[in-house]
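**Student:** mind folding the following:
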Amino acid sequence: MRVCVYAASSDHCSPEFHADAYALGRILAQQGASVVYGGGSRGSMGAVANGALQAGGEVIGILPRFMADLEWGHPGLTRMELVEDMRERKHRLLTGSDAVVALPGGCGTLEELFEAITLKRLGLYFNPIVLLNTRGYWQPLLDFMQAQVIGQQFMNTEHAAMWSLAQTPEQVPAVIAQAPVWGENAREFAAVRV
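**Tutor:** Residues are numbered from 1 along each chain as shown. Take a look at the predicted model:
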């Protein structure tokens, strides 16, 4: 299994975020999953990679060349793949992944998450999307998605099944395994019904 992990590079957030990222990397490696992520060495990015590597797992980084030039890449990964820009990075992260796990993060993490959700809505990505809810980080977003985006009919009620929530890193493998199947018929209800 190849798990795409979206994570932040901030060193200044609560240590709980980094601890959960490290634990997730370790757990995924222990389950035999390969981790593919943004290739950074700091913050939750570095923590998830370190957790997986220290448990003997395979970790693949996808890093834009300008970030490599700035020496932002993790030096100890199983493999580092350099790409030309952020768009290619997002494409390569998602391509071939069997699941996505989004850790708490900033605008880059949110962009990656929403691209995965959009592609799933359009029937271009079918695999589980899991949000790791460290410190309740994702709950306000999920409340907004339900009350506003779905409630105001910008998406259908079925679209709430595109993502799942895990409260702890330990729950992530089971949440991935139990995620609702997203069928080939996703395009039939991608448009909002009245």
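**Student:** the residue nearest to residue 115 when sequence neighbours are not counted and residue 54: what is the separation?
**Tutor:** Nearest residue to residue 115 in three dimensions, chain neighbours excluded: residue 90, at 5.8 Å (C-beta to C-beta, 6 or more residues apart in numbering). Where you see a C-beta, it was placed from the backbone N, CA and C, and this is true even at glycine. Going from residue 90 to residue 54 by C-beta to C-beta, to the nearest Å gives 27 Å.
**Student:** ok, and what's touching stretch 59-73?
**Tutor:** With contact meaning C-beta atoms under 8 Å, 6 or more residues apart in numbering, stretch 59-73 is reached by 9, 25, 34-42, 49, 52-53, 74, 77-86, 88-89, 92-93.
**Student:** between residue 90 and residue 54, which has more neighbouring residues?
**Tutor:** More crowded of residue 90 and residue 54, by other C-beta atoms under 10 Å: residue 90, with 21 against 13.
**Student:** for the one helix or strand that one maps to, buried residues please.
**Tutor:** Counting by DSSP states H and E, the element that carries residue 90 is helix 86-94. For helix 86-94, a neighbour-count test (16 or more other C-beta atoms under 10 Å) marks 89, 90, 92, 93, 94 as buried.
**Student:** of all those residues, which comes closest to residue 116?
**Tutor:** Among the buried residues of helix 86-94, residue 94 lies closest to residue 116 (C-beta to C-beta), at 6.1 Å.
**Student:** so who does the closest one touch?
**Tutor:** 4, 100, 115, 116, 119, 125.
**Student:** now stretch 109-122: mean pLDDT?
**Tutor:** Model confidence over stretch 109-122, given as mean pLDDT, is 96.
**Student:** just the buried residues of it, please?
**Tutor:** Using 16+ other C-beta under 10 Å as the test for burial, stretch 109-122 gives 109, 112, 113, 115, 116, 117, 119, 120, 121.
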